[in-house]
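Trainee: the sequence and its predicted three-dimensional model are supplied below.
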Amino acid sequence: MMLRIRSRDGLERVAVENPHATVSQLKSIIQTQLGIPVENQTLSTNQNLLLSKSLEDLVRFTDMTNPDATLSSLGVSHGSILFLSYAGDRRGVPGPPAAFSPAGSFGRKMTMDDLIAKQMRVTRQEQPHCELVSFDRDCANAFQNYVNETLAFAVKRGGFMYGTVSEEGKVEVDFIYEPPQQGTEENLVIFRDPEEEKLVDAIAVGLGMRKVGFIFTQTISQDKKDYTLSNREVLQAAEFHSESGLKEWVTAVVKLEVNEDSMGADVHFEAFQMSDMCVRLFKEGWFETEIKDDDDPKLSKMKKEVVVGVKDTKEVDNDFFLVVVKIFDHQGPLTSTFPIENRNNLVTMKALKSHLDRSKNLPFVKRISDFHLLLVLARVLDLAADVPALTECVQTQTSVPEGYQILIESMASAA
């Protein structure tokens, strides 16, 4: 039978005439055919052997240490691949090196990078770390109404989702912050504003919440494409997921889907997690980040080959990176009726006055229980003292101190 031996030198083949040969006999054959002394050989069926860097690492691979074990008892048969680590140099191999073929599909020598690449096996991740994601109805409607009625799904729009994560991995989204951005039919460029995000995070902390995900829309033109997420969307989603450090991080997509009878269209929400392998590949710089216009949008390009199925490739179908998350809805503690930041119209104190006038019949704490309103107040109030005091009132739904009520109403009246 013919066995394939992968070592630091690449992939080679050895011929074993006796199908009942033992490990000891195989080592003698390797010594004869490949010129590697028996005493220097460590064999294993585990490819991680090739990543060993010390004797301590090598001794962990014990599956082929019994010299009397037969190859058949170890599941080794014709065409099997075994992994060989050896110390020192080779001795001269008699005769023509007919059994030797350089490593890799294209006859190149294997490097450590190549060996590491072999460990990058992209498979579908079956289970998300997030049990489910539940959207506050008001904030979800405020987002989808804008992209549907104002933008008409003609350009992309995005935002960061804030809420809570339970011990069981349930994510609840209670408000969406829309950062400065520029959307086109195919691209969404987010202009991060560190100062504004500092205010947003301070409000979230005061409300007992945190950043839990990223939401964006796909345009009508994208609805005609045969992908779930484009390569650009995968890159952006992986970047934010990687930055978050939150294993339950959710990526949500909002799209307009034409009904089967073509008589209308419905707004549709989908939720995913980027797979652990996707996030790892992004963190370690495997993704090609320069995307050309003629690149297939349903494929993500890698800088080095990864293994997908039995194939070494630099192009991965984006669906391999997506883990579906169940969607629910709930009525959260906040409203979303105040004008939303970074849209077409600048939000001023006039908006505050209008909002307070419309909600006169409600307790004051209810009147200010809106993230977007709190963001306007946070721009002028003290971030260290005033914002925590107000957000605590909102979180606990307790009375707002009279001093703050007077201050906020005077700010609105001065507009």
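Mentor: Great, that's in hand. Numbering: from 1, shown residues only.

Trainee: can you pull the contacts of the residue most central in space within the chain?
Mentor: When CA atoms, centre = their mean is applied to the chain, the residue found nearest the centroid is residue 274 (3.2 Å). Neighbour list for residue 274: 234, 237-238, 241, 249, 251, 282, 321-323 [criterion: CB atoms under 8 Å, 6 or more residues apart in numbering]. (Glycine included, C-beta is placed from N, CA and C.)

Trainee: so for it, what's the pLDDT?
Mentor: Here the pLDDT value assigned to residue 274 is 97.

Trainee: specify the beta-bridge partners of it.
Mentor: Judged by DSSP bridges, the bridge partners of residue 274 are residue 322.

Trainee: picking up where we left off before, can you put the contacts of residue 274 in CSV and add distance to residue 388 and pLDDT?
Mentor: Formatted as CSV, the contacts of residue 274 follow (distance: CB to CB, whole Å; pLDDT from 0 to 100):
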residue, distance to residue 388, pLDDT
234, 38, 98
237, 32, 98
238, 33, 97
241, 29, 97
249, 26, 98
251, 30, 98
282, 35, 96
321, 39, 96
322, 38, 96
323, 36, 95
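
Trainee: and residue 265, how far from residue 154?
Mentor: Plainly put, residue 265 is 13 Å away from residue 154 if you go by CB to CB, to the nearest Å.

Trainee: picking up where we left off before, filter the contacts of residue 274 down to the buried ones, PyMOL style.
Mentor: In PyMOL syntax, the buried subset of the contacts of residue 274 is picked out as below (16 or more other CB atoms under 10 Å):
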select buried, resi 234+237+238+241+249+251+282+321+322+323
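
Trainee: so which of the contacts of residue 274 are in helices?
Mentor: 234, 237-238, 241, 282 (DSSP state H).

Trainee: out of the residues you listed, who's nearest residue 68?
Mentor: Closest approach to residue 68 among the ones in helices among the contacts of residue 274 (CB to CB): residue 282, at 47.5 Å.

Trainee: correct me, but that closest one touches residue 242?
Mentor: Yes: taking contacts as CB atoms under 8 Å, residue 282 lies within contact range of residue 242: 5.1 Å.

Trainee: circling back: which pair of the ones in helices among the contacts of residue 274 spans the longest distance?
Mentor: Top of the distance list for the ones in helices among the contacts of residue 274 (CB to CB): 234 and 241, 10.3 Å.

Trainee: common neighbours of those two, please.
Mentor: In contact with both residue 234 and residue 241: 274, 278, using CB under 8 Å, 6+ apart.

Trainee: contact partners for residue 171?
Mentor: So residue 171 contacts 130, 132-134, 163-165, 212-213, 248, 250 (CB under 8 Å, 6+ apart).

Trainee: could you dump these to CSV with pLDDT?
Mentor: Formatted as CSV, the contacts of residue 171 follow (pLDDT from 0 to 100):
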residue, pLDDT
130, 95
132, 97
133, 97
134, 98
163, 98
164, 98
165, 97
212, 98
213, 98
248, 98
250, 98
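
Trainee: so how do I select the buried members of these in PyMOL?
Mentor: The PyMOL command for the buried members of the contacts of residue 171 (criterion: 16+ other CB under 10 Å) is given here:
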select buried, resi 130+132+133+134+163+164+165+212+213+248+250
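
Trainee: can you redo the contacts of residue 171 as a markdown table with distance to residue 299 and secondary structure?
Mentor: As requested, these are exported to a markdown table (distance: CB to CB, whole Å; DSSP: H, G, I helix; E, B strand; the rest coil):
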| residue | distance to residue 299 | secondary structure |
| --- | --- | --- |
| 130 | 26 | coil |
| 132 | 29 | strand |
| 133 | 27 | strand |
| 134 | 32 | strand |
| 163 | 33 | strand |
| 164 | 36 | strand |
| 165 | 32 | strand |
| 212 | 29 | strand |
| 213 | 25 | strand |
| 248 | 27 | coil |
| 250 | 24 | strand |
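
Trainee: now the helices for the chain?
Mentor: Taking DSSP H as the criterion, the chain carries its helices at 23-34, 55-58, 112-119, 137-145, 194-206, 231-244, 276-283, 349-358, 364-367, 371-378, 386-396, 402-413.

Trainee: buried ones in the second one?
Mentor: Along helix 55-58, not one residue counts as buried under the neighbour rule (16+ other CB under 10 Å).

Trainee: same question, the longest one
Mentor: By neighbour count on 16+ other CB under 10 Å, the buried set for helix 231-244 is 231-242, 244.

Trainee: can you give me the strands in the stretch 1-150 of the chain?
Mentor: 2-7, 10-15, 41-44, 81-86, 132-136 (DSSP state E, counting those that start in this stretch).

Trainee: so where is this protein shaky, pLDDT-wise?
Mentor: Scanning the chain for pLDDT under 70 picks out 92-119, 260-262, 415.

Trainee: what residues go with each domain of it?
Mentor: Listed by automatic domain parsing, the domain ranges of the chain are 2-119, 132-330, 349-413.

Trainee: any chance of the helices of the chain in a markdown table, plus distance to residue 15?
Mentor: Shown next, in a markdown table, are the helices of the chain (distance: least, CB to CB, whole Å):
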| stretch | distance to residue 15 |
| --- | --- |
| helix 23-34 | 7 |
| helix 55-58 | 26 |
| helix 112-119 | 25 |
| helix 137-145 | 66 |
| helix 194-206 | 64 |
| helix 231-244 | 45 |
| helix 276-283 | 37 |
| helix 349-358 | 82 |
| helix 364-367 | 82 |
| helix 371-378 | 71 |
| helix 386-396 | 74 |
| helix 402-413 | 86 |
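
Trainee: all set, thanks.
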